[in-house]
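Here is my input; please provide its structure:
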Amino acid sequence: MKTVFVGLSGGVDSAVSAYLLKQEGYNVVGAFMKVWEPDFLPCTSGEDRLSAMRVAAHLKIPFVTYDLEKEYKHGVVDYFIEAYKAGRTPNPDVMCNRAIKFGAFWERAKADGADMIATGHYAQIQKVESSWLKVAEELKTTNYRLLTGRDSAKDQSYFLWTLTQEDLSHSLFPIGHLEKSEVRRIAARAGLPNAAKKDSQGLCFLGHVDMKEFLQHYIPVEHGPIYGADGEMLGEHDGVPFYTIGERMPVGARADKLYVVAKDVASNTLTVAPTGNVGRSLLGQEKNIPLTGVHWIREVPKAEKEYEAQVRYHGEKHLVHIEKGTLIHFKESVMAAAGQSLVVYEPGSGECLGGGIIE
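Modelled structure (predicted):
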C-alpha cells in the first residue's frame, strides 16, 4: 500500500482525487499548501484550509498543512513581477507547478513518508515500458508520457510542460480521465462537503486577481503614447509592463476592436492594430520563434516531423516544425509575447512533449 499525499486546495477536484485514491486502496494523506498572500487582497486561505480540513475529516484521512509562503513568494510572485517589469508576459501557473506543487510540496511530502503525490489537475500520465532486448532486463527502461485531460475544456497540460520523468514517476492525476461533470457527480455521490463549491479562477492559489491592479502595487504607473499601425497617436496608456501582445486595447470612443501588436519598454510605447483574430495581425507577426528554458519530457522533437504548438492557455494549436529543439517554425504567422510559455503536442495523440519560454 503506497502512501500518497494529495494536495487539498479546498476545491472539488482535489477532494475527488483524494476520494478516488482512497477507494483504490492507497494510504491517503490530505495536505494543504499555505502560500504567501498580499496584504492588500482579501485573504481566502483560511476558508480554503477549512474546506480542505472538512474533506479530510469526511474521508477519515490524516491532514497536514505545509507553510510554503517563502517558496511561493520567491519562486512565483517575485518571478512574474520582475518579468512584467522587463516587458515580458510570464505564466505564473507554470512556475507555480514547477516551484510549488511539484517542487516544494513533493520535497515536504517525501520527507514525511510519501511515496507519491497527487493533485486535481486535468491531465493524464501514461507509463510506457520498453526494452532493447527482451532477455536483458537490465536494459529495460520506463518512460512516462504526459497526456491532455479527457475534458478538453478543462485540460491543464499546458501548465505542466516543465514536468520531468522523475516528477511523473511519483505523481498521480486521479481525475485526468474524467469530464468535469463526472467529477461533480462523484463528489455528490460521495457526500463530499464541497461538492457544490464553485471552481476557483485566476492566479495560482490567489484566485481571481486583476493583474494590472496587482502589478500597480509593485510597478509605478508611467503614462505613454499609443500608436496605430500607421504611426498616428491614438491615445495614452498606463505603462508598457501592464499590457501584453494580443491584448484587447480600448482606445477612446473607437468602435473597432484594437489589439496590442507591439510594445517598446525603452520608449514606453504601445502599437495597436485591428484584427479579427488575435493570433494574426497587421503587425507583430512571427513565423520563427526562438525559445529559452527549453524542456522536453521524453525526447527532443525531430526536425523532420510536424507538431502542434500553443502559445497561450486554451489558445489555438498551430502546426510547427522544431529545429534543434529550440527554434519553432510556424506554418502561419502568430502573435506571441516574450515570456509566454510555448507548449508542444504530438498531433492526434494528445501527448504534451514539453516546451519553452518565448524569447
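
what residues are up against residue 22?
Contacts of residue 22 were listed using C-beta atoms under 8 Å, 6 or more residues apart in numbering, and they are 28, 59, 61. For glycine as for every other residue, the C-beta is placed from the backbone atoms N, C-alpha and C.

Look at it and give its secondary structure.
At residue 22, secondary structure determined by DSSP: H, G, I helix; E, B strand; the rest coil is helix.

Tell me the confidence at it?
Residue 22 is assigned a pLDDT of 98 by the prediction.

May I ask which of the contacts of residue 22 has the most neighbours?
Neighbour counts for the contacts of residue 22 (other C-beta atoms under 10 Å) peak at residue 28, which has 24 neighbours.

Let me know the helix or strand that that residue is in.
strand 27-34 (DSSP states H and E).

doesn't residue 144 make contact with residue 127?
Yes: here residue 127 reaches residue 144: they are 5.9 Å apart, a contact under C-beta atoms under 8 Å.

out of those two, which sits in the more crowded spot?
The residue with more neighbours, out of residue 127 and residue 144, is residue 144; 19 against 10, by other C-beta under 10 Å.

Let me see the ranges of the helices in the stretch 1-150 of the chain.
12-23, 45-59, 69-72, 78-85, 92-96, 105-111 (DSSP state H, counting those that start in this stretch).

got the ones you listed as TSV, with distance to residue 159 columns?
Converted to TSV, those look like this (distance: least, C-beta to C-beta, whole Å):
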stretch	distance to residue 159
helix 12-23	14
helix 45-59	19
helix 69-72	16
helix 78-85	14
helix 92-96	5
helix 105-111	15
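
so which of these comes closest to residue 349?
Evaluated with C-beta to C-beta, these place helix 92-96 nearest to residue 349, the distance being 21.9 Å.

Just the pLDDT for the closest residue to residue 66 other than its chain neighbours.
In this structure, residue 66 finds its nearest non-sequential neighbour in residue 108, 4.9 Å apart by C-beta to C-beta, 6 or more residues apart in numbering. Listed pLDDT for residue 108 reads 98.

can you pull the contacts of residue 108?
Counted by C-beta under 8 Å, 6+ apart, residue 108 has contacts 31, 66, 68.
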